[in-house]
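Novice: Give the three-dimensional model of this entry:
(2 chains)
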Amino acid sequence: MWEFFVRSLDASTIFTLAALGELIGQRSGVLNVGIEGVMLFGATLGFIAAQSTGSYLLGFLVGIAIGGLLGLMHGFFSITLGVDQVVSGMGIWIMGFGLTTYIGNPYTGPLGMPRIPSILGLSPFFYLGIALVVITWFVLSKTSLGLRIRSVGENPSVAEVSGIDVAKTRYLCVTIGGMLMGLAGAVYSLDYNPVWNYNFLMGWGFIALALVFFSMWNPFILLSGSLLFGTLWQLSLNPQLVLPGVMSRYIWRMVPFAITLLVLLIMSTKWFRIKWGAAKPEALGQPYVKE
Amino acid sequence: MRIGSYELKLEKRGTLSNWQAASISILAIIFALALFSIIFILAGINPLSAYREIFSFAFINPYGLPPTINRFIFLLFCTYAFIIPFRAGLWNIGMTGQLYAGALGAFAVLFAFGGKASLSADLSLEIVIPFMLIAAALGGAVPGAIAGFLKGKYNINEIVVTMLLNFIIFWLVSFMIKEGGPFMNPGGRGESFELPPSVYAPLINNVPFTIFIALGLAVLIYFLFAKTKIGYQIRAYGQNPAAAEYAGISPFKIPLLVFTLGGAIAGLAGYHYFAAVPGVYKIARNYGFFGDLAFYGIICGLISLGNPIAAIPVALLFGGLSVGGRYVQGKLSMSFGLDYALLGVLMITLVVFQFFYRYKIVFIKIGKERTDVGVLR
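Specialist: Numbering: from 1, shown residues only, chains lettered A, B, ... in the order given. Below is the predicted model of the structure:
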């Protein structure tokens, strides 16, 4: 049971990191639907770097760097070129899915390195995730940088008039967001499940995307959502630990996705929106063109 | 930007003529293939000879051409499943799940007619195949309708919903065909029971009859958008949902309609690949591969700019490229996933070219007095 609990927290950490990256970008008004692609890239290249150099540190750095690069690329497409953000995000996802399948295939199999030591029984990334949630909350709601980011996400033309460089702020956010997603991928392939396989993520990125909508763009709700979905995901992988013999294991694999759908549905009802209000950044998904 | 005595300037395009759009799309494909040759070069292979192998296998070789045509039909269904919602400004990336659901629907009909019990079951072709087609379309329409309903009624992001449904149905198929599921092969292999030969899809010159459905859909969809009121409403909703609602177009019915139609067409793709392509005739263990192929439909739809007629040559080309890619990968002993890599490169090139659908580069000769001008945008 303790093992299950630890694994659930590990899974939650990956959801937290990836969704936090998406949250930061969305707060500045840029939607990136390509999280899964960025994670696949971070995971695959991080895995290859770690395996060929024998250094975990290098693996994580490569994962973060490729994530940042892809974030920057999404920024270039959607901010500078003004391409539809959904098109660009889909492009990054399909590119990640396609290229990592080809690049990673010769590395199929286990990582073959000693496991990363745990701190007080938990993965060090769990603590990092919590710290990043607090930092993100602090920066977004207590600092002038956070105010800038939020105003760019709410109303870019007003922000521009008040002297904020919209493009620069958005670039900053998507790049940092991409780095977090890349890190999330590297944590998956180097710590959570150090085995490379074709399209191993199977939906983590899309659940992370749904988590951001679920969080109503609040880092703390996002953290609790990640804990919930991490546990659920772990349960779907190992249902026999908690409920042995109930339902086929394939049915269990559907459960996290079905519950995500259900949660999105409840959150989108009129009742919920009136009760809790919606904090969706006003300018989310709209390219900003300086007149 | 300045080059010599010319100034390079980007200009916003007005409306794009068909020929302009087509030439940009062709340029995008050529560019992607050029970019893709880097992968061959990195693997130490001459890209020109690799492309010659790909094209000659896919379009000339008697062993390569039938798979190309089968894949072309499949991609065309997937493209139309993408295009119809796309014209309404909505993203259907759930073709994967919808086609699995379609395949499950078709096999459910066989199951009901006793096709699982015996391979030698003598079923009537004229009765069973229409039922299978209808069930496949209905099967695909269900997940489509769910996505459309949630978008129309609650405005839930359709990308997230269709993707979640993809995973749900992926595991549903595993449940049905593996580990004692109802559709499991009696031999105990982790795949579905096989089609009785009496209901193999009729072939014309070795090509399944589904090609006529696919090409017929091209014409129907063209007319839907060009001539009918509902087609006009879909386009109006796609251009500006708020204005369309003001003009009395239901913001609930349009998403529901386009996703249901798209899902039904994707369901036919499931029938086609699992029940009509010679040599398959079952939901294979590696059904995930066919689902992944469906993503080529997104690229076809984007490159053809939502035009169902233009999608025909594009789907043929990509069908051939993916078949030929798989072939050279084996022949030149390259790493697995060449067709996946091609998918990725095509997609990202297309994203960049989205920019050129809206802007064009013009060269202006700079006079002496204008040397200070040099804006990129």
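
Novice: which residues sit in contact with the residue of the stretch 51-200 of chain A found nearest chain B?
Specialist: Across the stretch 51-200 of chain A, no residue is closer to chain B than residue A:98, which sits at 2.6 Å (Cβ to the nearest Cβ). In short, each C-beta sits where N, CA and C put it, glycine included. Going by Cβ atoms under 8 Å, 6 or more residues apart in numbering or on different chains, residue A:98 touches B:337, B:340, B:341, B:342, B:343, B:344, B:345, B:347.

Novice: Next step: those restricted to helices.
Specialist: B:340, B:341, B:342, B:343, B:344, B:345, B:347 (DSSP state H).

Novice: now the residue lying closest to residue A:61 once chain neighbours are set aside: how far from residue B:112?
Specialist: For residue A:61, ignoring the flanking residues on the chain, the nearest one in space by Cβ to Cβ, 6 or more residues apart in numbering or on different chains is residue A:49 at 7.8 Å. The spacing between residue A:49 and residue B:112, counted by Cβ to Cβ, to the nearest Å, is 53 Å.

Novice: Could you check which of the two is surrounded by more residues?
Specialist: residue A:49 (23 against 12; other Cβ atoms under 10 Å in any protein chain shown).

Novice: Which strand or helix spans the more buried one?
Specialist: Using DSSP states H and E, residue A:49 falls within helix A:35-53.

Novice: mean confidence for that helix?
Specialist: Regarding helix A:35-53, the rounded mean pLDDT is 95.

Novice: For it, enumerate the helices and strands it packs against.
Specialist: For helix A:35-53, the packing partners by 3 or more Cβ pairs under 8 Å, 6 or more residues apart in numbering or on different chains; DSSP states H and E come out as helix A:2-27, helix A:56-75, helix A:85-104, helix A:166-187, helix A:204-214.

Novice: Report the inter-axis angle for it versus helix A:2-27.
Specialist: Helix A:35-53 runs at 120 degrees relative to helix A:2-27, counting by axes from the mean of the first three to the mean of the last three Cα atoms, to 10 degrees.

Novice: average pLDDT across stretch B:244-259?
Specialist: 92.

Novice: Could you verify that residue B:237 is part of a strand?
Specialist: No: Residue B:237 sits outside any strand when classified using DSSP: H, G, I helix; E, B strand; the rest coil, being helix.

Novice: Now for it: which residues touch it?
Specialist: B:88, B:89, B:244, B:249, B:251, B:254.

Novice: Flag every residue of the stretch 101-250 of chain A that's near chain B.
Specialist: Selection of the stretch 101-250 of chain A residues close to chain B by Cβ under 8 Å from any Cβ of the partner chain yields A:101-103, A:105-106, A:198-199, A:202-203, A:206-207, A:209-210, A:213, A:248-250.

Novice: picking that back up, reformat the helices and strands packed on helix A:35-53 as TSV; add mean pLDDT.
Specialist: Formatted as TSV, those follow (pLDDT from 0 to 100):
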stretch	mean pLDDT
helix A:2-27	93
helix A:56-75	96
helix A:85-104	92
helix A:166-187	96
helix A:204-214	91
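
Novice: for the stretch 101-250 of chain A, what spans make up the helices?
Specialist: Ranges of helices within the stretch 101-250 of chain A are A:124-142, A:144-154, A:156-161, A:166-187, A:204-214, A:219-237, A:239-242, A:249-268, based on DSSP state H, counting those that start in this stretch.

Novice: Can you give the contact residues for the third one?
Specialist: Put plainly, it is helix A:156-161. Residues contacting helix A:156-161 (Cβ under 8 Å, 6+ apart): A:29, A:148, A:151, A:152, A:166, A:169, A:283, A:288, A:290, A:291.

Novice: From residue A:160, how far off is the second one?
Specialist: Here residue A:148 is placed at a distance of 11 Å from residue A:160 (Cβ to Cβ).

Novice: same check, this time on the fourth one
Specialist: Distance from residue A:152 to residue A:160, counting by Cβ to Cβ: 9 Å.

Novice: what about residue 265, neighbour count?
Specialist: No chain specified, so I'll use chain A. With other Cβ under 10 Å as criterion, residue A:265 counts 15.

Novice: if you could check chain B rather than the one you did, that'd help
Specialist: Applying other Cβ under 10 Å, we find 33 residues neighbouring residue B:265.

Novice: Buried residues in the strand or helix carrying it, which are they?
Specialist: Using DSSP H and E, the element containing residue B:265 is helix B:253-271. Neighbour-count burial for helix B:253-271, with 16 or more other Cβ atoms under 10 Å in any protein chain shown as criterion, is recorded at B:254-271.

Novice: Next: stretch B:241-253.
Specialist: B:241, B:244, B:249.

Novice: ok, so of those residues, who is nearest chain A?
Specialist: residue B:241 (13.1 Å).

Novice: The closest residue in space to that closest one that isn't next to it in sequence: what's it in contact with?
Specialist: Nearest residue to residue B:241 in three dimensions, chain neighbours excluded: residue B:251, at 6.0 Å (Cβ to Cβ, 6+ apart). By Cβ under 8 Å, 6+ apart, the contact list for residue B:251 reads B:152, B:237, B:241, B:244, B:245.

Novice: can you check residue B:56 too?
Specialist: residue B:64.

Novice: Give the burial count for residue A:224, as a bare number.
Specialist: Neighbours of residue A:224 under the rule other Cβ under 10 Å: 15.

Novice: Got the confidence number for it?
Specialist: The per-residue pLDDT of residue A:224 was computed as 94.

Novice: between residue A:148 and residue A:160, who's got more neighbours?
Specialist: residue A:148 (21 against 17).

Novice: In this structure that one contacts residue A:164, no?
Specialist: Yes: at 5.1 Å, residue A:148 counts as touching residue A:164 under the criterion of Cβ atoms under 8 Å.

Novice: ok so, going back, tell me the gap between the helix holding residue B:265 and the middle of its chain.
Specialist: Remark: helix B:253-271 is offset 13 Å from the chain centroid, using Cα atoms, centre = their mean, to the nearest Å.

Novice: what's whatever helix or strand residue B:37 lives in packed up against?
Specialist: Element membership for residue B:37 (DSSP H and E) is helix B:18-42. Packed against helix B:18-42, as judged by 3+ Cβ pairs under 8 Å, 6+ apart, are the following elements: helix B:47-59, helix B:296-303, helix B:338-358.

Novice: between that helix and helix A:85-104, how many degrees?
Specialist: Using the same axes, to 10 degrees: helix B:18-42 against helix A:85-104 is 20 degrees.

Novice: buried residues in helix B:18-42?
Specialist: B:21-22, B:24-25, B:28-29, B:31-33, B:36-37, B:39-40.

Novice: mind putting the residues you listed in a markdown table, pLDDT and distance to residue B:212 included?
Specialist: What follows is those, written out as a markdown table (pLDDT from 0 to 100; distance: Cβ to Cβ, whole Å):
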| residue | pLDDT | distance to residue B:212 |
| --- | --- | --- |
| B:21 | 84 | 28 |
| B:22 | 87 | 26 |
| B:24 | 88 | 31 |
| B:25 | 89 | 26 |
| B:28 | 91 | 30 |
| B:29 | 92 | 27 |
| B:31 | 93 | 34 |
| B:32 | 93 | 31 |
| B:33 | 93 | 30 |
| B:36 | 92 | 33 |
| B:37 | 93 | 36 |
| B:39 | 90 | 37 |
| B:40 | 91 | 37 |
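
Novice: residue contacts, residue A:201?
Specialist: Contacts of residue A:201 (Cβ under 8 Å, 6+ apart): A:36, A:39, A:40, A:43, A:185, A:188.

Novice: from memory the first one sits against residue A:100, does it?
Specialist: Spelled out, that is residue A:36. No: Residue A:36 is beyond contact range of residue A:100, at 10.4 Å (criterion: Cβ under 8 Å).

Novice: Residues of the stretch 51-200 of chain B that sit close to chain A?
Specialist: When proximity is defined by Cβ under 8 Å from any Cβ, the stretch 51-200 of chain B lies next to chain A at B:91, B:93, B:150, B:154-157, B:159-161, B:163-165, B:167-168, B:171-172, B:174-175, B:178-179, B:181.

Novice: Return only those of the ones in helices among the contacts of residue A:98 found close to chain A.
Specialist: B:340, B:341, B:342, B:343, B:344, B:345, B:347.
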